[in-house]
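Visitor: sequence and computational prediction follow.
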Amino acid sequence: MSNSAITPPPRALVVWMALGKTLAELRANRFLANSKMRSALAILIPLSLLILLAPVLPLQAPLQTNLMAMMQPPSLEHPFGTDRMGRDIFSRTLEGVKISLKVGLSVAALALVMGMILGTLAGFFGGLMDRSVMVIVDILMAFPSLLLAIGLIAIMGTGLVPVVMAIAIADIPRFIRLQRSLVLGLRTRAYIDAARTVQASQFWLMSRHIVPNSVAPMLVAASISAANAILVEASLSFLGLGIMPPAPSLGNLIREGQLYMEQAWWISTLPGVVILLIAISFHFLSDGVRQALDPRTRK
């Protein structure tokens, strides 16, 4: 055989790859073994598919009016009925769900990233850095999150981007405080002291030991934050401060139907049920993430 034959990978690399695959399979199995997690996926996956397939489905456009089909109750043609302008509530609800998911996931991502960065710096370095960050956190947390979001939207204006920024700014302080408390507990561990004895850099300690060991609880907080952001966005839109008509949002759909609750209950009720299901799904999702990533959960 020629010397150019491919050499097999070292045994250590094979073992490492097999171990990584085994851990990934274990986490996936624990993730799906959670009954709440399966319930969340049973709601979120069909909703996501409906949103993706909405352009090719035989549905009336969200903004299309039909004065000959005003205030019709739920039927095969209009599963969620129609509103006072003959618009299809089902297609408008799907469009509102798409906006809600954009808001929830964007807010959770922004709050997670900023909270982990600032919380890690404050907890790891302490001193002036810690005091400066925590003063800002305490000031922001003194306001109720919805009231703070309303104040920020009054400054930035309405629309998708201002709503995301306002809710994220109101939510970031909680992530900073959580990450800081995790870092304060992690930086006193024995393996951190051992790494310091071999002259490991501060960046190495944070990137290789502190941040990876704090990811799991922060991801759980992020999934809860996504649910809360969806509810806050719906509240802002209901008050006329979030996504503005004619763009459909779950909050302004409920607002539009509140005057017709007696003769057309479906206009407000069905989008409200969808909001409830999405919020519950994200809370169930957080439980599945915790079970998958927490090494103390063995069942």
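Guide: Structure received.

Visitor: please enumerate the helices of this structure.
Guide: Assigned by DSSP state H, the helices in the chain fall at 11-33, 35-53, 89-125, 127-141, 145-156, 160-186, 190-197, 202-205, 215-238, 250-257, 266-293.

Visitor: just put these in a markdown table and tack on distance to L59 and mean pLDDT.
Guide: In short, each C-beta sits where N, CA and C put it, glycine included. As requested, the helices of the chain are exported to a markdown table (distance: least, Cβ to Cβ, whole Å; pLDDT from 0 to 100):
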| stretch | distance to L59 | mean pLDDT |
| --- | --- | --- |
| helix 11-33 | 32 | 56 |
| helix 35-53 | 9 | 87 |
| helix 89-125 | 4 | 93 |
| helix 127-141 | 42 | 92 |
| helix 145-156 | 31 | 89 |
| helix 160-186 | 22 | 93 |
| helix 190-197 | 56 | 82 |
| helix 202-205 | 52 | 84 |
| helix 215-238 | 22 | 91 |
| helix 250-257 | 16 | 89 |
| helix 266-293 | 15 | 86 |
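
Visitor: of all these, which lies closest to L63?
Guide: helix 89-125 (8.2 Å; Cβ to Cβ).

Visitor: could you dump the helices of the chain to a markdown table with mean neighbour count?
Guide: Listed next are the helices of the chain as a markdown table, based on neighbours: other Cβ atoms under 10 Å:
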| stretch | mean neighbour count |
| --- | --- |
| helix 11-33 | 11 |
| helix 35-53 | 15 |
| helix 89-125 | 22 |
| helix 127-141 | 14 |
| helix 145-156 | 16 |
| helix 160-186 | 22 |
| helix 190-197 | 11 |
| helix 202-205 | 12 |
| helix 215-238 | 23 |
| helix 250-257 | 24 |
| helix 266-293 | 20 |
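
Visitor: quick one: closest of those to A69.
Guide: Set against A69 and scored by Cβ to Cβ, these come closest in helix 89-125, at 11.2 Å.

Visitor: quick one: contacts of stretch 171-191?
Guide: 107, 110-112, 114-116, 118-120, 122-124, 130, 133-134, 136-137, 140-141, 145, 192, 205, 209-210, 213-214, 217-218, 221-222, 225, 228-229 (Cβ atoms under 8 Å, 6 or more residues apart in numbering).

Visitor: kindly reformat the helices of the chain as JSON lines containing distance to P79.
Guide: Formatted as JSON lines, the helices of the chain follow (distance: least, Cβ to Cβ, whole Å):
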{"stretch": "helix 11-33", "distance to P79": "30"}
{"stretch": "helix 35-53", "distance to P79": "11"}
{"stretch": "helix 89-125", "distance to P79": "5"}
{"stretch": "helix 127-141", "distance to P79": "42"}
{"stretch": "helix 145-156", "distance to P79": "31"}
{"stretch": "helix 160-186", "distance to P79": "26"}
{"stretch": "helix 190-197", "distance to P79": "56"}
{"stretch": "helix 202-205", "distance to P79": "54"}
{"stretch": "helix 215-238", "distance to P79": "21"}
{"stretch": "helix 250-257", "distance to P79": "14"}
{"stretch": "helix 266-293", "distance to P79": "9"}
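
Visitor: of the ones you listed, which approaches G81 most closely?
Guide: Nearest of the helices of the chain to G81, taken as Cβ to Cβ: helix 266-293 at 4.1 Å.

Visitor: tell me the angle that closest one makes with helix 250-257.
Guide: For helix 266-293 against helix 250-257, the angle by axes from the mean of the first three to the mean of the last three Cα atoms, to 10 degrees is 160 degrees.

Visitor: from the contact counts, what lies against helix 266-293?
Guide: helix 11-33, helix 35-53, helix 89-125, helix 215-238, helix 250-257 (3 or more Cβ pairs under 8 Å, 6 or more residues apart in numbering; DSSP states H and E).
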